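**Student:** Show me the folded form of this:
(one chain, ligands or ions: 2)
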Amino acid sequence: MAGEPQADCLFCKIVAGEVPADVVLDTATTLAFRDINPQAPTHVLVVPKAHYPNAAALAAEPPLSADVLSTAGQIARLEGIDESGYRIVLNTGSGAGQTVFHVHAHVLGGRGLRWPPG
Ligand code: AMP
Ligand code: ZN
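**Tutor:** Ligands and ions are numbered 1, 2, ... in the order given. So this is what the prediction gives:
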């Protein structure tokens with residue numbers, strides 16, 4: 001069922017505390033933790049605690065979509081990158097680089113970010 005934990009999902013395991021993570025912010029509906037392979041001085045992943053495979057599936061739950069973006073904004077403020085600028089990335093599909101199919105927003109900042117992304 002939509003939103004139910006998936007036994008084989010890494011980010012469900014992190015949410016459940018079964019896999020350790022460097023947690024930055026824990027809200028009622030979201031968890032933010034540092035990416036294990038950071039691509040910028042700040043690289044934090046924001047996930048809904050409920051399992052949705054990608055952004056389009058998450059959009060079926062509008063309050064949860066807003067919660068993920070709200071947490072991303074809070075992370076930017078906590079990390080001190082809200083003034084300099086930062087990027088929120090939702091890779092969607094393996095062709096776009098998605099490797100974990102539990103939706104997550106990358107919050108990237110602390111360095112110059114080129115456009116278009118690679
Ligand atoms: P994506 O490629 O958009 O699906 O992003 C998945 C991200 O998860 C990558 O940036 C990985 O470095 C990151 N990642 C993989 N395993 C872990 C982990 N155990 N803890 C934190 N981040 C992870
Ligand atoms: Zn999951």
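**Student:** This structure against ligand 2: which residues are in contact?
**Tutor:** Contact residues (Cβ under 5 Å from the ion) of the chain with ligand 2: 6, 9, 11-12, 51, 102. Any C-beta I mention is one placed from the backbone N, CA and C, and that applies to glycine too.
**Student:** biggest helix in the chain, by residue count?
**Tutor:** helix 62-79 (DSSP state H).
**Student:** Check which helices and strands the next helix or strand after that helix is in contact with.
**Tutor:** Moving toward the C-terminus from helix 62-79, the next helix or strand (DSSP states H and E) is strand 86-89. Packing partners of strand 86-89 (3 or more Cβ pairs under 8 Å, 6 or more residues apart in numbering; DSSP states H and E): helix 62-79, strand 105-109.
**Student:** Give the pairing partners of the last one; include direction for each.
**Tutor:** Here the strand partners of strand 105-109, with direction, are listed using DSSP bridges: strand 42-48 (antiparallel), strand 86-89 (antiparallel).
**Student:** Give me the contact list for the longest helix of the chain.
**Tutor:** 24-25, 27, 29-30, 32, 42, 44, 46-48, 50, 52, 55, 58-59, 82, 86, 88, 103, 105, 107, 109-110 (Cβ atoms under 8 Å, 6 or more residues apart in numbering).
**Student:** What distance do you get for residue 89 to ligand 2?
**Tutor:** Separation of residue 89 from ligand 2 (Cβ to the ion, to the nearest Å) stands at 18 Å.
**Student:** ok, that residue to residue 96 distance?
**Tutor:** 9 Å (Cβ to Cβ, to the nearest Å).
**Student:** State the pLDDT value of residue 2.
**Tutor:** Residue-level confidence at residue 2 comes out at 87, pLDDT.
**Student:** Let me see the contact set for it.
**Tutor:** By Cβ under 8 Å, 6+ apart, the neighbours of residue 2 are 52, 57, 60-61.
**Student:** now with 10 Å?
**Tutor:** Contacts for residue 2 (Cβ atoms under 10 Å, 6 or more residues apart in numbering) come out as 50-53, 57-58, 60-61.
**Student:** near ligand 1, which residues of the protein show up?
**Tutor:** Within the chain, the positions lying close to ligand 1 (Cβ under 6 Å from any ligand atom) are 10, 19, 21, 33, 35-37, 45, 91, 97-100.
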